[in-house]
Structure formats: C-alpha cells, structure tokens
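Student: A predicted structure for the sequence below; I have some questions about it.
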Amino acid sequence: MRFLPAASRAVRARVSYANAMSTVAVFLALGGGAYALSVPRHSVGRAQLKRNAVTASKVKNHSLSTADFKRGKLPALGGVRAAEVSPAPAPGVVIQSADVVTRSAGRAWVLATVRDSFVTCGGAPCSALWGVYVDSKPVPDTGMLLRADPGGSDGYTFYALYGVTDRLGRGTHRVVLARTDSGAPASVGQLGAQLGALTAGG
C-alpha cells in the first residue's frame, strides 16, 4: 500500500472539483489569450470527402451572383427606423459624403452613426434634424431629431441612422449625411460621424 506524505494528504483533502475548475478559470483569464481547437495539418483530404463534393469548378475563381440562387430565394430588402423620423426634404449642412456604385439597377442600404450630437437654443425654441440622402433625395426613416425650449438643450451620446433607398439606376450615386437646423440654435453639431452604404443588385 502506498502512503502519501502528510503535506500531500492535506492538500489532496482540500482539492475538490469546484476548486480545480476555479483554478483553471483563473489561469485562462490571467493568460489573456484566446484558445481554440485546431485540426492537424493534412488531416482532411480526399479520403474524408464524398466523391465530387468539392471540385475546382465550384471554388476556383468563382464568386456568388444572382445567377447562383433560385428565383425568389434572395430576400427583398426592407428597412425602418424605430422612431420613424424622416429627414428634411433637401440636405442642409453636409457632414459626411461618399460615392457608391451600382452595377445594375437596385437598392442601397445606408448606415450613418452620429456621436455626441447636441443642440442648444437661445431665446426661442430650436431644433436640428440629421438625415441620410442619396442623390439629394432623403432616405425614408433615417432621421434623427433634436429639439429644445428657449435656454434649453438636447442631445444623444450615440445614434444610428439606417434605411433602404428607393430603386436606383446603374451608375455612381452620392450618399450624404446632412443636418438641417430650425429656429437659429445657439450651438449645434456633433463630435463624430460615420457614413456607409451597401448596394444590392447584380
């Protein structure tokens, strides 16, 4: 029969499943890295794949297009802003702008973010309305409205504006994030903004 030293017996008596797992968790947390299982090199080959499951014609120099999908399998784009605020009819002060190219007629999904937006009013009520425009036309439901009473202010720490355009023709289109002020605010603006667009079409 094998006997353990007194110190080893004392440690073993205090070891439990919970203690062991807690130690492992602390070790992983202090390590500060990410761990993943990996597949040994050359462990997946022709013997592991069914016949004709992967061929050169399926993967070489090929990208997905509308021809790769059955009719009606591509979802129709739709979008809505929760606040259901639309931009002003025409862009005011341009904050960000970019060009997007459509290779065929289709729609574009637009996204803008506004950081630390604010409006402060003087002696009368005032407001500021941010929105996204494509070719100078407002994208529905992409508006953000700030308004305040005289001597007051309004603002957001962070706000996202997004929506889907009407059908666009083939070519280059100007996407703009703009702001329209009303009531002569004493101060108005934002500390940061970003703008992007994704086209849908052939």
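Tutor: Now that the structure is in, tell me what you want to look at.
Student: verify the contact between residue 143 and residue 87 for me.
Tutor: Yes: counting by C-beta atoms under 8 Å, residue 143 touches residue 87, with 4.6 Å between them. Backbone N, C-alpha and C define where each C-beta goes, glycine included.
Student: who has more neighbours, those two?
Tutor: Under the neighbour definition other C-beta atoms under 10 Å, residue 143 and residue 87 were set side by side, and residue 87 has more, 28 against 21.
Student: so that one is in which element?
Tutor: Following DSSP states H and E, one finds residue 87 outside all helices and strands.
Student: helices along this structure, start to end?
Tutor: When secondary structure is read from DSSP state H, the chain shows helices at 6-14, 17-31, 56-59.
Student: who touches both of residue 143 and residue 87?
Tutor: For the pair residue 143 and residue 87, residues contacting each of them under the criterion C-beta atoms under 8 Å, 6 or more residues apart in numbering are 129, 130, 131.
Student: the first one reaches residue 143, doesn't it?
Tutor: This points to residue 129. Yes: taking contacts as C-beta under 8 Å, residue 129 lies within contact range of residue 143: 5.8 Å.
Student: quickly list what's touching both of these two.
Tutor: Taking C-beta under 8 Å, 6+ apart as the criterion, residue 129 and residue 143 both touch 85, 87, 88.
Student: please name the nearest non-neighbouring residue to the second one.
Tutor: What it means is residue 87. Spatial nearest neighbour of residue 87, excluding adjacent residues (C-beta to C-beta, 6 or more residues apart in numbering): residue 131 at 2.2 Å.
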